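*Asks:* what follows is a predicted protein model with its sequence.
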Amino acid sequence: MRIRDSLNAAAHLHRERGDWQVALDLARQIPPESPNYALAQQLIQEMQELAELEAAWPEGQTQIPAENWQGAISNLIWMRSQNPEFRDIEVGEQLYLANERLARQLIDQAAGNAESLRAAIIYLDQALTLKPTHRELIDEKELAVGFVAGSDALGRGDWVGVVTNWEKVFNKRSDYQGGILGQRLVDAYPRAARQLIAEADGSERLLDQALGFLDKSLVSQPEDEDLLEQRRLIVDYLDGLAAFRLEDWDLSIAYWGPIQVAYPDYQNGALEDKLRVACANSASPDETYCAP
């Protein structure tokens, strides 16, 4: 009995050490009448599976030098699914390498294609699962995610979303994807400004954001009359709002009255409502803009 127990213990010891063939030979020596026979059979099955994986390992290793990253990933994931302990460190290192290289390949070849970058994000995520603190990969993922989010916003016609996401990418790396975001932002700024103006309904926050986009638009289009007019209207509206808060009714009327005359529905009626309040509170309202 002691010999049989020793065989079982030795087999498991060699299994822990990774000496799979020795463990297999020892486990096969345990006879059916031994109380350790069932455990030995389990060990034999496990060792046989590991031997099969070991036999398949060299063929899989040809994919890394050949830069067949997708093939390498599929093979390594299969090996890990068969036995998570099989060459755990080596499999993990190669999985990281293949995912990182495939992600970079997709990014380098994307040429501004959002779907290629969306695929790259998947492999970046898998690489970061293995090395979650890798700063360079984290940065690459943030850039790809921002680019894709801006592209998705473009598909929805959400120009504010386009600018918000693409600006972050451009400010972090202006030459990302061949520097195509520079011109794309130039085209997007006035559209985003107009979107905010249309949606603001008198919101100071949104109009202030629109003003920022108009200023960026005017850098490349300094003589665009429509952009200049939209900027003037926002500035006068916000100046009138500041006076309104200070209860300087006449100054509010002076800012808002001309806008109301030229654009009666400015800010979807929000200006008209506030102008009416200013007129009602003024001691001497300007009859040009305030009904008697």
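*Replies:* Now that the structure is in, tell me what you want to look at.

*Asks:* can you give me the distance of the residue nearest to Tyr263 when sequence neighbours are not counted to Asp265?
*Replies:* Excluding the flanking residues, the one nearest Tyr263 by Cβ to Cβ, 6 or more residues apart in numbering is Leu233, at 7.1 Å. From N, CA and C alone the C-beta is placed, and that goes for glycine too. Distance, Leu233 to Asp265, by Cβ to Cβ, to the nearest Å: 12 Å.

*Asks:* so which of those two has more stuff around it?
*Replies:* Neighbour tally, Leu233 and Asp265, criterion other Cβ atoms under 10 Å: the higher count belongs to Leu233, 19 against 10.

*Asks:* just list what the helix or strand hosting the more buried one packs against, helices and strands only.
*Replies:* Secondary structure from DSSP states H and E places Leu233 in helix 225-245. With contacts taken as 3 or more Cβ pairs under 8 Å, 6 or more residues apart in numbering; DSSP states H and E, helix 225-245 sits against helix 181-200, helix 204-220, helix 249-262, helix 270-281.

*Asks:* closest to Glu54 out of the ones you listed?
*Replies:* helix 181-200 (48.8 Å; Cβ to Cβ).

*Asks:* which neighbouring elements make contact with that closest one?
*Replies:* Under the contact rule (3+ Cβ pairs under 8 Å, 6+ apart), helix 181-200 is packed against helix 159-172, helix 204-220, helix 225-245.

*Asks:* pull out the buried residues from the shortest one.
*Replies:* This points to helix 159-172. Of all the residues in helix 159-172, those buried under the rule 16 or more other Cβ atoms under 10 Å are 159-170.

*Asks:* try the last one
*Replies:* Buried residues in helix 225-245, counted by 16+ other Cβ under 10 Å: 227, 230-231, 233-234, 236-237, 240-241, 243-244.

*Asks:* so which helix or strand of the chain has the lowest pLDDT on average?
*Replies:* Least confident helix or strand of the chain, by mean pLDDT, DSSP states H and E, is helix 2-17 with a mean of 43.

*Asks:* returning to that earlier point: looking at the helices and strands packed on helix 225-245, which is closest to Ala98?
*Replies:* helix 181-200 (29.0 Å).

*Asks:* would you turn the buried residues of helix 159-172 into JSON lines with distance to Leu102 and pLDDT?
*Replies:* Below are those laid out as JSON lines (distance: Cβ to Cβ, whole Å; pLDDT from 0 to 100):
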{"residue": "Trp159", "distance to Leu102": "33", "pLDDT": "98"}
{"residue": "Val160", "distance to Leu102": "33", "pLDDT": "98"}
{"residue": "Gly161", "distance to Leu102": "28", "pLDDT": "98"}
{"residue": "Val162", "distance to Leu102": "28", "pLDDT": "98"}
{"residue": "Val163", "distance to Leu102": "31", "pLDDT": "98"}
{"residue": "Thr164", "distance to Leu102": "29", "pLDDT": "97"}
{"residue": "Asn165", "distance to Leu102": "24", "pLDDT": "98"}
{"residue": "Trp166", "distance to Leu102": "25", "pLDDT": "98"}
{"residue": "Glu167", "distance to Leu102": "28", "pLDDT": "97"}
{"residue": "Lys168", "distance to Leu102": "25", "pLDDT": "97"}
{"residue": "Val169", "distance to Leu102": "21", "pLDDT": "98"}
{"residue": "Phe170", "distance to Leu102": "25", "pLDDT": "98"}
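
*Asks:* adding distance to Leu251, write the residues you listed out as CSV.
*Replies:* Formatted as CSV, the buried residues of helix 159-172 follow (distance: Cβ to Cβ, whole Å):
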residue, distance to Leu251
Trp159, 33
Val160, 31
Gly161, 36
Val162, 37
Val163, 33
Thr164, 34
Asn165, 39
Trp166, 39
Glu167, 35
Lys168, 38
Val169, 42
Phe170, 39
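
*Asks:* of the residues you listed, which is the nearest to Gln126?
*Replies:* Val169 (21.9 Å).

*Asks:* state the helix or strand in which the closest residue to the closest one other than its chain neighbours lies.
*Replies:* Of all residues not flanking Val169 in the chain, Gly146 sits nearest, at 4.2 Å (Cβ to Cβ, 6+ apart). In this assignment (DSSP H and E), Gly146 forms part of helix 135-156.
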